[in-house]
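Peer 1: Fold the following, please.
(one chain, ligands or ions: 1)
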Amino acid sequence: MTSRQRPGALLVFNAGSSSLKFAVFHAEPDKDLQARVRGQMDQFGVAPRLRVRDCAGTLLADTIFPATEVTHTGEAVRHCADWLAAHLAEEPVIGVGHRVVHGGAEFSVPVRVEPGALERIEALVPLAPLHQPFNVAGIRAMAAGRPDLPQVACFDTAFHRTHPDLADRYALPRRFHELGMRRYGFHGLSYEYIASVLPRVAPELAAGKVIVAHLGNGASLCALEAGRSVDSTMGFSTLDGLCMGTRAGSLDPGLLLHLLNHRGMSAAELERLLYHESGLLGLSGQTGDMRRLLASGEPEARLAVDYFVWRIVKEIGALAAVLGGVDGLVFTAGIGENQPGIRARVVAGCGWLGAELEDQANAAGGPCISKPGARVSVWAIPTNEEEMIARHVRRVLEARTG
Ligand code: ADP
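Peer 2: Prediction:
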């Protein structure tokens, strides 16, 4: 931030189909951003509930609204913005950042949402029909309520635009590539955050070959070379790659043709199967939540966890080949940060690469969890997509005032 940029709050929104997450950061010239509050509104149209916590985790609000008062993202944005205006009035918001799932081939960096930009973002809805409309609705609601505030769209695909051309191709007739049927990669804000903290947390890795495992409800891997993404396991959509909470990960497309042509499945049923009924949930028949699977003694739950680990190990092997070797492995997101048992099993499967865990450090949560002197160092590093977005907002504002 330049000295001309005044201090103030940066508001970050992450809009989903039935929930809206937000965070507020205090931004002061030449200082690190400080998280002030985090909150979430969910259960739109059913029992809309707003919960807000300060940075120490103290609950500041827990309110349930009438079902008809918050039925969609736009109304949720307005309620959250109103709450923040009333409760953080001493520090005015000076900029708003939005997580936008898809930036297509066009957006390789965050952009200020100026006339024309929103239409270009909206034009990408067909590439992410289950996510992008909610991101667009959030931006639109904020622009309507506070047209004076600069808004910045931060894309989950943008960080992957450094991939070599080959990594983003499918072996389809070339015209499909030109029509946008290519690999985009996702979880980019998480990987960008991890790459940004490596010089401080794991300086020996910052210039090296690193595989980052973002293991949450959605899960993917990213191959980093000197902090830049060169490949990732998600492709055209968020369905590709690893087994996830409710998504299967890579599938033989012949299987999908079979379901459509010979099992009478409609496109809508297929979509539900692929996004909401598969993965850990599908395999276990119980839940897509790793904590509950690990607590269950059922053989199906064990199978689901075994498969989850097996797929990660397999894909790490593929990315290790793409990188031509690996210096470090980083675990992040809900499972990656909090499940030492899963980390241990993945690393055991990567022993051939030279990764070896220090059990106590792994149980303690890291950040470095590998044995000293191991050929491949292993890390558990919390991600912070909201902070990454806030940093982008600050940079965009700075470019304007600098
Ligand atoms: P999302 O992709 O929705 O942001 P998260 O990153 O929160 O999801 O990851 C959700 C997964 O992480 C779930 O499988 C959950 O069981 C697991 N998880 C989240 N927090 C913890 C925790 N504190 N301890 C153990 N597992 C956790």
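
Peer 1: so how far is A117 from whichever residue of the stretch 151-300 of the chain sits closest to the ligand?
Peer 2: Closest approach between the stretch 151-300 of the chain and the ligand, counting by CB to the nearest ligand atom: G216, at 2.6 Å. For the C-beta atoms, the positions are set from N, CA and C on the backbone; glycine is no exception. Per CB to CB, to the nearest Å, G216 is found 28 Å from A117.

Peer 1: And for L280?
Peer 2: Look at L280 and A117: by CB to CB, they are 37 Å apart.

Peer 1: and if you look at A137?
Peer 2: A137 is 15 Å from A117, by CB to CB.

Peer 1: Neighbour count for those two, which is higher?
Peer 2: In terms of neighbours (other CB atoms under 10 Å), A137 is the more surrounded of A137 and A117; the figures are 19 against 16.

Peer 1: pLDDT (mean, whole number) over the helix or strand hosting A321?
Peer 2: Secondary structure assignment for A321, by DSSP states H and E: helix 299-323. Over the span of helix 299-323, the pLDDT mean works out to 98.

Peer 1: what helices or strands is that helix leaning on?
Peer 2: strand 209-215, strand 219-225, strand 228-232, helix 279-284, helix 290-295, helix 340-349 (3 or more CB pairs under 8 Å, 6 or more residues apart in numbering; DSSP states H and E).

Peer 1: May I see those arranged in TSV, with mean pLDDT and distance to T73 as well?
Peer 2: Formatted as TSV, these follow (pLDDT from 0 to 100; distance: least, CB to CB, whole Å):
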stretch	mean pLDDT	distance to T73
strand 209-215	98	24
strand 219-225	98	24
strand 228-232	98	27
helix 279-284	98	25
helix 290-295	97	27
helix 340-349	98	32
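
Peer 1: Now render these as TSV, adding mean neighbour count.
Peer 2: TSV is the format used below for the helices and strands packed on helix 299-323 (neighbours: other CB atoms under 10 Å):
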stretch	mean neighbour count
strand 209-215	27
strand 219-225	26
strand 228-232	22
helix 279-284	23
helix 290-295	16
helix 340-349	19
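
Peer 1: Could you export the ones you listed as TSV, including distance to C80?
Peer 2: Rendered in TSV, the data for the helices and strands packed on helix 299-323 read as follows (distance: least, CB to CB, whole Å):
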stretch	distance to C80
strand 209-215	25
strand 219-225	28
strand 228-232	31
helix 279-284	29
helix 290-295	28
helix 340-349	33
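
Peer 1: Enumerate every residue touching the one residue in the stretch 301-402 of the chain that gets nearest to the ligand.
Peer 2: Of all residues in the stretch 301-402 of the chain, G334 sits closest to the ligand, at 2.1 Å by CB to the nearest ligand atom. Listed by CB atoms under 8 Å, 6 or more residues apart in numbering, the contact set of G334 reads 215-217, 290.

Peer 1: can you pull out the strands in this structure?
Peer 2: Along the chain, counting by DSSP state E, strands occupy 8-15, 19-27, 34-42, 49-54, 59-64, 93-100, 111-112, 151-155, 209-215, 219-225, 228-232, 328-332, 377-380.

Peer 1: ok so, going back, what's the residue of the stretch 151-300 of the chain closest to the ligand sitting at in phi/psi?
Peer 2: The phi/psi pair for G216 (degrees, to the nearest 10) reads phi -120, psi -150.

Peer 1: which residue packs closest to it, ignoring adjacent ones?
Peer 2: Spatial nearest neighbour of G216, excluding adjacent residues (CB to CB, 6 or more residues apart in numbering): A333 at 3.7 Å.

Peer 1: Centroid-wise, who is the farthest residue in the chain?
Peer 2: Going by CA atoms, centre = their mean, the residue of the chain most distant from its centre is H262, 35.3 Å out.
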